[in-house]
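Student: generate a structure from the sequence data that follows.
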Amino acid sequence: MRKLLSILAVGAFAMATTPAHAAPLPVTMVGQASISLAGLSPLLVPASPVSVTGTVSTTGEKGHITSLNIPASPFDVAGFVVPITDPAAAPIKGIQATVHNAAGHFEGSTLGGTMSLNGVTKVCLFKACSIATANLSVPLSNVGQGGTIAVPPGDTSASVNLTVVGAPWTAGVAAVGTVTEMGFQHGPASNTSSTVAASGAIRLVSPIFVSTNIGASAVVPGFAFLDLHFVPEPGTLLLLGSGITGLIVFGRSKRS
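Tutor: Coordinates of the predicted model:
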């Protein structure tokens, strides 16, 4: 009986920790988005813990996520300001962002897909954002989605023509001209095991190409990043714990 219980316990543990091919993926996601323009200090957009769905495959890299669905708005920030003090960044004195994400879907052996970061980034010129009289508004709705947004000069002293080109997210390589950033997906301790295991991580990257009619800033390369971490749903842990506890109690009752 003790041998049978050991086999059953190992089997239950394996079933809970090794997803079946195309198994559903109910886990809680935590993480943050960040946006970096022209190498300046990044804007950080934290994500509230949220349940995400998708699938995991046991083929290939031993259970990497093959699809991932993120609901709208866990990434959300309003009026967040990053002061810019580097003299080399003049006339930029700060960046302010109001951002929330639309629903996203990613899939493939190298995860990729679309999730727009709806909102706007304001580049504060000549003065700090709290007192700036000239703000350059950079739309973000095509970041992580794809497409081009052209903005003619507005009611600012800068009177800048602005074009923003976005692209989908990828866990591979993203490039703006010769500038590149790389995403990744890995399991605990960077092993090629399930990315959904505790301490698994995914980084998705989206290139942002900004062009203006400002000579020194005619081309502004930028990147957006999604850094995601996963923890099992409390119900999954409870189910696993209850199953193993039940096997132990069953064994004890048999022995008595």
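
Student: going by C-alpha atoms from here, please, whenever you check contacts or count neighbours.
Tutor: Will do.

Student: could you find the closest non-adjacent residue to the most centrally placed residue in the chain?
Tutor: A centroid search over the chain (Cα atoms, centre = their mean) returns Leu226, at 2.3 Å, as the residue closest to the centre. Closest residue to Leu226 in three dimensions, ignoring its sequence neighbours and counting by Cα to Cα, 6 or more residues apart in numbering: Ala33, at 4.5 Å.

Student: can you list the domains in this structure?
Tutor: 1-21+233-256, 27-232 (automatic domain parsing).

Student: so what's the residue nearest to Leu226 scoring on pLDDT?
Tutor: pLDDT for Ala33: 95.

Student: contact partners for it?
Tutor: Applying Cα atoms under 8 Å, 6 or more residues apart in numbering, we find Ala33 in contact with 44-47, 75, 224-227.

Student: and the residues you listed, which is closest to Val56?
Tutor: Compare each of the contacts of Ala33 with Val56 using Cα to Cα and the shortest gap goes to Asp227, at 18.6 Å.

Student: strands paired with the helix or strand hosting the closest one, and their directions?
Tutor: Counting by DSSP states H and E, the element that carries Asp227 is strand 219-232. Pairing partners of strand 219-232, with direction, according to DSSP bridges: strand 27-37 (antiparallel), strand 201-212 (antiparallel).

Student: just name the most buried of those.
Tutor: Neighbour counts (mean count of other Cα atoms under 10 Å) averaged over each of the strands paired with strand 219-232 peak at strand 201-212, with a mean of 24.

Student: so how far is it from its chain's centroid?
Tutor: What separates the centre of strand 201-212 from the centre of its chain is 11 Å, taken as Cα atoms, centre = their mean, to the nearest Å.

Student: cool, stretch 45-59 as well?
Tutor: 10 Å.

Student: report the contact partners of the residue nearest to Ile35 when sequence neighbours are not counted.
Tutor: The shortest distance from Ile35 to any residue other than its chain neighbours is 4.4 Å, reached at Ala224 (Cα to Cα, 6+ apart). With contact set as Cα under 8 Å, 6+ apart, Ala224 has these partners: 33-36, 143-144, 205-208.

Student: and what of Pro168?
Tutor: By Cα under 8 Å, 6+ apart, the contact set of Pro168 is 112-115, 143-146, 206.

Student: who does it bridge with?
Tutor: Beta-bridge partners recorded for Pro168 (DSSP bridges): Gly144.

Student: same check, this time on Thr114
Tutor: Going by DSSP bridges, Thr114 is paired in beta bridges with His105.

Student: quick check: the two most widely separated of the contacts of Ala33?
Tutor: Greatest spatial distance in these: Ala47 and Ala224, 14.3 Å, computed using Cα to Cα.
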